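Visitor: the following comprises the amino acid sequence and a computationally predicted model.
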Amino acid sequence: MEKLIKWFKSLYHPYTIKESIILNLMQCINFFIGKRFQFLHYFNFIKEYKIKHSNKTIFVDDFISFNDNIWQKEFPWGNGNNEPSNVCIFKDSVIMEMNKENYIGYWGGQNWNYINTTGMIYSKNIYPVEAVYEFKVKFSNVKNINQAVWLLRLKDEPLPKQIEEIDFEYYGDRITMSQHWGNGYNHKENHRQDSFGFKIDLSKKWHILKFKITKRNIYWYIDNILVKWHFIGVPKLEQHIVLDIGNCSIDSEHPNDIGNLNLDKLPAYFKCDYIRIIKN
């Protein structure tokens with residue numbers, strides 16, 4: 001009987017049975033929320049989004065210039081294939097570029113030989129939760145490239161003893177909305193995650209992406225329309241802001257694996273016009 005109970009619990013690891021039930025129910029709810037957004041998008045019911053100024057704004061960067069006091073161009077624990085020269089300011093937007101080129105980068109405690117370079121920005125400061133994080137972005141249409149907007153915090157960083165992350169990730173023809181939480185980044189241990197996505201072409205226009213974080217819930221919005229909602233894994237720690245293009249590895253043990261990416265389609269560009277944080 002003891003072995004049977006242990007086996008039953010292993011089916012849900014690292015989740016409790018209650019968490020597993022809730023996560024599956026939320027997948028159904030978010031499926032219908034996502035279908036609503038797709039319907040509005042395909043039938044052009046989405047109107048031009050107008051910026052609403054607020055006296056609750058606690059941070060804004062409109063990228064007229066690159067502020068080295070706010071941003072760095074690589075992760076604090078390893079650069080991988082992030083090339084700082086792949087980030088620039090052009091026409092009041094920050095542009096992150098992915099290129100086909102050989103590059104030696106440091107990741108996971110060792111050097112790797114990459115066949116492409118990527119671009120990213122990582123905030124030096126942390127920002128409060130229970131706020132609305134707003135990003136105006138334009139995606140590349142090159143498929144199989146991860147273009148991402150994250151909020152990320154590793155407690156006792158850079159060692160990932162406790163992780164909190166929520167994100168948008170676009171791959172050229174589909175978008176996912178995910179969250180990660182728990183004790184560490186090791187997926188074989190106590191790393192918890194939930195992800196929901198759908199196929200859609202978002203590469204033709206600029207879009208407004210939003211995270212709204214309250215004490216009990218997380219909401220993901222595209223062009224002011226709700227696309228995902230969740231109440232498990234809500235961030236409690238103050239967060240870093242991360243934007244990047246090119247994190248397309250499909251094998252965490254071999255981060256230089258480019259998956260199905262066609263390098264001949266490069267260069268590719270991920271653009272951000274502004275970032276704003278509004279206190280709830």
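Guide: Structure received.
Visitor: ok, now which ones touch residue 84?
Guide: With contacts defined as Cβ atoms under 8 Å, 6 or more residues apart in numbering, the neighbours of residue 84 are 73-74. (Each C-beta comes from the backbone N, C-alpha and C, glycine too.)
Visitor: what pLDDT does it get?
Guide: Confidence per residue is given as pLDDT, and for residue 84 that number is 91.
Visitor: what of residue 69?
Guide: pLDDT, the model's per-residue confidence, is 95 for residue 69.
Visitor: go on, residue 186?
Guide: The pLDDT attached to residue 186 in the predicted structure is 59.
Visitor: do the same with residue 1
Guide: The predicted local confidence for residue 1 comes out at a pLDDT of 64.
Visitor: so what's residue 92 closest to, chain neighbours aside?
Guide: Counting by Cβ to Cβ, 6 or more residues apart in numbering, residue 64 is the residue found nearest to residue 92 once chain neighbours are left out, at 5.4 Å.
Visitor: pLDDT below threshold where in the stretch 51-200 of the chain?
Guide: Counting by pLDDT under 70, the stretch 51-200 of the chain shows low-confidence ranges at 51-53, 155-161, 184-189.
Visitor: recalculate using a threshold of 80.
Guide: Regions of the stretch 51-200 of the chain meeting the criterion pLDDT under 80 cover residues 51-54, 77-79, 107-109, 154-162, 183-190.
Visitor: strands of that one, start to end?
Guide: In chain order, the stretch 51-200 of the chain shows strands spanning 57-61, 71-72, 87-90, 93-107, 110-117, 119-123, 131-138, 147-155, 162-170, 174-183, 190-199, with DSSP state E, counting those that start in this stretch as the criterion.
Visitor: state the mean pLDDT of whichever helix in the chain runs longest.
Guide: Criterion DSSP state H: the longest helix present in the chain is helix 17-42. Per-residue confidence for helix 17-42 averages out to 91 on the pLDDT scale.
Visitor: give me the neighbour count for the residue nearest to residue 92.
Guide: Neighbour count of residue 64, defined by other Cβ atoms under 10 Å: 10.
Visitor: also residue 210?
Guide: Residue 210: 22 surrounding residues under other Cβ under 10 Å.
Visitor: what bridges to the spatially most central residue of the chain?
Guide: Taking Cα atoms, centre = their mean as the criterion, residue 167 is the residue nearest the geometric centre of the chain, at 3.0 Å. Per DSSP bridges, residues listed as beta-bridge partners of residue 167: residue 150, residue 178.
Visitor: ok, it - contacts?
Guide: Applying Cβ under 8 Å, 6+ apart as the definition, the contact partners of residue 167 turn out to be 148-152, 177-179.
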